[in-house]
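In: Okay, structure incoming, though there's no sequence with it:
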């Protein structure tokens, strides 16, 4: 039910709904209603193209949690899911990264920087990384090297939400007092992610990656309407999820 509601309320779906309703109104010969709906649709599309709506919604999220200085030592690294394209990975037999793939790339770099750190990867099953995070590469390997030899890597594929990410990661890592753990996720997702972990009593060092905005709110028309709408869908969903998590007491700002 929740997924269906999010799907209905995202901007791209609402725009399609406007067109469908306009067509129905036209079929019923409600000319004024159809004209109003189409005008609303055109104005909304023009706003998406001409105004920096993505910057307005994304910049506050991406700047809320600043990247902390990396510590001299790290006991573990938690990498949140959403970076793997499961369909392509399964069909092609090698790791395929999504638009948030920088999460995995950053995790690999941090693992090399901290060779003793344990790795916890949520939202991912081990079979997706069969050729990666290993010392000896195969023909399909993307991330490999001697720093992965004998590495403790936990894959928590059962996680289906940020809250489950935090719960399962906390259980798998069992961090002890005084340990330093890093949290890797997209910058726009970091406020909710870090707040969720804090609500469970675990404070990690934030390592935001995968920035999508410049932080400069200037008028720069984008004619790639599909990509812009996809970004808006993601950001509207994130703001909505933050509101829900706050209401349910799952977020500690």
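Out: On my side now, so go ahead. For clarity, every value in this text was computed on a predicted model and none was experimentally measured.

In: Can you pull the domain assignment for the protein?
Out: Per the record's domain assignment (automatic domain parsing), the chain is made up of the domains 2-62+223-247, 67-209.

In: Which of these sits closest to residue 215?
Out: Ranking these by distance to residue 215, with C-beta to C-beta as the measure, places domain 2-62+223-247 first at 5.1 Å. In this view, the C-beta of every residue, glycine as well, is placed from N, C-alpha and C.

In: I'd like the average pLDDT over the closest one.
Out: Confidence over domain 2-62+223-247, taken as the mean pLDDT, stands at 86.

In: Repeat that for stretch 174-189.
Out: This predicted structure assigns stretch 174-189 an average pLDDT of 95.

In: Centre of the chain to it, how far?
Out: The gap between where stretch 174-189 is centred and where its chain is centred comes out at 16 Å by C-alpha atoms, centre = their mean, to the nearest Å.

In: what does the helix or strand harbouring residue 167 rub up against?
Out: Residue 167 is part of helix 162-173 when elements are defined by DSSP states H and E. Identification of contacts with helix 162-173 by C-beta atoms under 8 Å, 6 or more residues apart in numbering yields 76, 78, 80-81, 118, 120, 122-123, 154, 156, 158-159, 181, 189, 192-193, 196-197, 199-200, 202, 241, 245, 250.

In: on contacts alone, who are the packing partners of the helix or strand that comes right after that helix?
Out: Using DSSP H and E, the helix or strand that follows helix 162-173 towards the C-terminus is strand 181-186. When contacts are defined as 3 or more C-beta pairs under 8 Å, 6 or more residues apart in numbering; DSSP states H and E, strand 181-186 packs onto strand 76-79, helix 102-113, helix 190-199, strand 205-209.

In: Of these, which stretch is the most buried?
Out: Burial of those is given as mean neighbour count (mean count of other C-beta atoms under 10 Å); strand 76-79 ranks first at a mean of 27.

In: what's the next secondary structure element after that one?
Out: Heading C-terminal from strand 76-79, the first helix or strand you meet, by DSSP H and E, is helix 86-92.

In: buried sites along that next one?
Out: Across helix 86-92, burial judged by 16 or more other C-beta atoms under 10 Å covers residue 89.

In: for it, packing partners?
Out: Where contact means 3+ C-beta pairs under 8 Å, 6+ apart, helix 86-92 is not packed against any helix or strand.
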